[in-house]
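Chemist: below: sequence and its predicted model.
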Amino acid sequence: MPDVEARKAEIRRLAEAAVDKPATFGPDLDLTSFDVAADAQSVESLESLEKQTREAALGIGFDTTEAGRSGSYFQMDRSPIYRKVEQMFDNKLEIMSTEEALRLYPELMYEKYYWRNVAPDKDKYTAQVALTETEGYFIRVKAGQKIDKPIQACLFVSENNISQNVHSVIILEEGAEANVLTGCTIHPKVRNGLHAGISEFYVGKGAKLTFTMIHNWSEDFHVRPRTGVTVEEDGTYVNNYVMLKPVRSLQTFPVARLVGDRSRAVFNSIVYGLDDSYVDIGSETSLEGAGTRSEAIARTVSSDRSTIYSRGRLIGKNNDCKAHLDCRGIVMSEESTQWAIPDLASVGAPGAELSHEAAISPIAAEEIYYLMSRGVPKDEAISMITRGFLDLDIPGLPPALRRQIDKALEETAKESL
Amino acid sequence: MSLDRPQPLLVVEDLYVTVGDHEVLRGINLTISEGETHVLLGPNGGGKTTLLNTIVGLPGYRITQGRILFKGTDLADLEIDERARLGIGVAFQRPPAVRGIKLRQLIEVAAGDGEHEALLADLIGDLSLKKMIDRDVNMGFSGGEMKRSEMAQLIAQAPELTLFDEPESGVDLDNIAVVGRSMNRLLKAERVGKGVRAGLIVTHTGHILEYVNADIGHVLYNGKLACRGNPLDLIGEIGKHGYDKCVECAICQM
């Protein structure tokens, strides 16, 4: 396999040259301050995980009873400790660790999927993952298969001060449909650490991937996801991102390329900035095919001393493309900061239609009084309005995911009281 | 106290209210008893909405003299929500849109604890709310939809005293009839052990009185209640002679 070996060497070379390259956005981290993750034992059943781990997983939508799920993947620190595809989906869906997929399909992976949507030398975080991989999940849905129950994955950090470097790949073959719910969280004892996660998604012709990510970190934890998506003809990619808990710093800017004609991408983001959280989120959609459409919606609330950047970039490259960006923020505290940064470009495509609405404002007092006039106490009214503001009506969201987001919002609303 | 005599529900005593630097209300005296529906007429800018908002407790309306009693309690130190829970409801003229809060939610919140399935079904049917019930409240609602939404919330809240701010404004004829019917439902309903409902309707056109029977009319003019009488008579006078002449007429000066 000379091609594979050559590509491996190339990835290494690119990564080595980028180990000190800071990211475009977000605070720069000293990666040498984090420890290497240790191995964890595989489990036969998710129910055998300790209670605190199961509860933490449930908090990000990962149900260890696996009820209503078509398959599960659980990674503890650097080790994939559990994976399962429900029997009825056996020949339709593959779930394994990325290392395993590289062993099983080396040529396919290196040629088409592995480090093809995200560059290993994008920044020091991609470089670190390329040089010190610690697995991640590989999910492939076979052509024409519609997986009606969500696939769930959990990337779990159980030790203090480690760097979890994961690399995940999702492939939807032609006409396939799937909902993937990925939750990333930590054991309650973990205070600090780093999660650097590469995600490469491939949405085939006429396929539809709904990817929902819920993040739960802690006050001293750093997070640097790097996501690249390509969508072929008539394909649809829906990205839902939810983070309602404190984090030390999080910077993410997933990039979707709509290469196929009539392909679509939708980004929905819900972020609650608490304590001293530094959150820099955004998305980029590159509209390359004819008849491509995209929408990016972000709702951000900043309280305490948090800082939030909400970015959105739309690049029209085809005369027949249309995209809209909608970012709204509520600033709840005098010590918090919010930036809304819409960024539109038409590149050699005079017919491209790109638009944005960006707004940052307080909660309107008249809305609070309106609710109070119906008998709702002031604190409760503020919490209801905040929750309503963050509660994006995401069309087509599976009920299980809907409930998960509702629950997370409910808890945040309660805590904010 | 005789059992037959209606008890005063709302008592406004010598009320002076300032908005910003401007004294809008200057010595209002008004008593609304159980079972009574009063109408507040008057030109735009005369202080009608100021009186309503002061009773509701909205900020920005400063009482410089006098007081407001509701069921014997001085409202001065009560928040908006406390007044609402005490039994005061208000149908706003232009309620704000609230992103992310569905009409259904607001009806449930207004109704308080318990199950509301039957009530919701009743309101959805009665007020044709089917298309609005799961939309963000007042977001893109037409004038008629907005009023129907307000009526639904108030019927759920079941206040003892309901204040209506220009209930006919921005509403087409079909919807006025529906709004009028709801107002009657709100004003005439009796709740066991809760006494008899009362209302105060602010209107500058009087059109709503074709649908709702009111007992007593007042004209609020230059910050004072200038006339009191049969609402339809007052509207007739105003129609013929205008507000300026109306407040000078002999009946009111007596």
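Modeler: Thanks, I have it.
Chemist: from here on, just use CA atoms for contacts and neighbour counts.
Modeler: Will do.
Chemist: any idea which element the residue nearest the centre of chain A lies in?
Modeler: Computing the C-alpha centroid of chain A and ranking residues by Cα atoms, centre = their mean puts A:M213 first, at 4.5 Å. Here A:M213, judged by DSSP states H and E, is contained in strand A:208-215.
Chemist: contact partners for the nearest residue to A:E16 once chain neighbours are set aside?
Modeler: Closest residue in space to A:E16, ignoring its immediate chain neighbours: A:A127 at 6.7 Å, by Cα to Cα, 6 or more residues apart in numbering or on different chains. The contact partners of A:A127, taken as Cα atoms under 8 Å, 6 or more residues apart in numbering or on different chains, are A:14-16, A:18-19, A:120-121.
Chemist: so which helix or strand takes in A:A127?
Modeler: Assigned by DSSP H and E, A:A127 belongs to helix A:124-131.
Chemist: got the angle for whichever helix or strand comes after that helix vs strand A:208-215?
Modeler: Once the chain leaves helix A:124-131, the next helix or strand it forms, by DSSP H and E, is strand A:137-141. Here the directions of strand A:137-141 and strand A:208-215 differ by 160 degrees (axes from the mean of the first three to the mean of the last three Cα atoms, to 10 degrees).
Chemist: give me the sheet partners of strand A:137-141 and which way each runs.
Modeler: Paired neighbours of strand A:137-141 in the sheet (DSSP bridges): strand A:93-97 (antiparallel), strand A:162-172 (parallel).
Chemist: contacting residues around the nearest residue to B:V219 once chain neighbours are set aside?
Modeler: For B:V219, ignoring the flanking residues on the chain, the nearest one in space by Cα to Cα, 6+ apart is B:L41 at 4.6 Å. Residues near B:L41 by Cα under 8 Å, 6+ apart: B:48, B:202-206, B:217-220.
Chemist: could you dump those to a markdown table with secondary structure, pLDDT and neighbour count?
Modeler: Below are those laid out as a markdown table (DSSP: H, G, I helix; E, B strand; the rest coil; pLDDT from 0 to 100; neighbours: other Cα atoms under 10 Å in any protein chain shown):
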| residue | secondary structure | pLDDT | neighbour count |
| --- | --- | --- | --- |
| B:K48 | helix | 94 | 27 |
| B:V202 | strand | 95 | 27 |
| B:T203 | coil | 90 | 23 |
| B:H204 | coil | 82 | 21 |
| B:T205 | coil | 84 | 16 |
| B:G206 | coil | 86 | 22 |
| B:G217 | strand | 94 | 23 |
| B:H218 | strand | 94 | 22 |
| B:V219 | strand | 93 | 28 |
| B:L220 | strand | 93 | 26 |
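Chemist: count of neighbours near the nearest residue to A:D304 once chain neighbours are set aside?
Modeler: The shortest distance from A:D304 to any non-neighbouring residue, by Cα to Cα, 6+ apart, is to A:D275 (5.0 Å). A:D275 has 17 neighbours, counted by other Cα atoms under 10 Å in any protein chain shown.
Chemist: ok, B:R185 next?
Modeler: Neighbour count for B:R185, taken as other Cα under 10 Å: 16.
Chemist: so what's it up against?
Modeler: B:R185 neighbours (Cα under 8 Å, 6+ apart): B:I155.
Chemist: can you list the residues of chain B near chain A?
Modeler: B:56, B:58, B:80-85, B:89-90, B:95-101, B:106, B:109-110, B:153-154, B:157 (Cα under 8 Å from any Cα of the partner chain).
Chemist: hmm, 10 Å instead?
Modeler: Residues of chain B lying close to chain A (Cα under 10 Å from any Cα of the partner chain) are B:56-59, B:79-92, B:95-102, B:105-107, B:109-112, B:136, B:153-154, B:156-157, B:159.
Chemist: A:L181 is in contact with A:V238, isn't it?
Modeler: No. A:L181 sits out of contact with A:V238 when judged by Cα atoms under 10 Å, with a separation of 11.7 Å.
Chemist: common neighbours of these two, please.
Modeler: Counting by Cα atoms under 10 Å, 6 or more residues apart in numbering or on different chains, the shared contacts of A:L181 and A:V238 are A:210-212.
Chemist: name the helix or strand for B:I155, please.
Modeler: With DSSP H and E as criterion, B:I155 is part of helix B:143-157.
Chemist: how far out from the middle of the chain is that helix?
Modeler: 12 Å (Cα atoms, centre = their mean, to the nearest Å).
Chemist: could I get that helix in CSV with only the CA atoms?
Modeler: Extracted in CSV, the C-alpha atoms of helix B:143-157 (Å, rounded to 0.1, in the frame of the first residue of the first chain):
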residue,chain,number,x,y,z
GLY,B,143,-54.7,43.0,14.7
GLY,B,144,-57.6,40.6,15.2
GLU,B,145,-55.3,37.7,16.1
MET,B,146,-53.6,39.9,18.7
LYS,B,147,-56.9,40.7,20.4
ARG,B,148,-58.1,37.1,20.3
SER,B,149,-54.8,36.1,21.9
GLU,B,150,-55.3,38.7,24.6
MET,B,151,-58.8,37.5,25.3
ALA,B,152,-57.8,33.9,25.5
GLN,B,153,-55.1,34.7,28.0
LEU,B,154,-57.5,36.7,30.1
ILE,B,155,-60.2,34.1,30.1
ALA,B,156,-57.6,31.6,31.3
GLN,B,157,-56.4,34.1,34.0
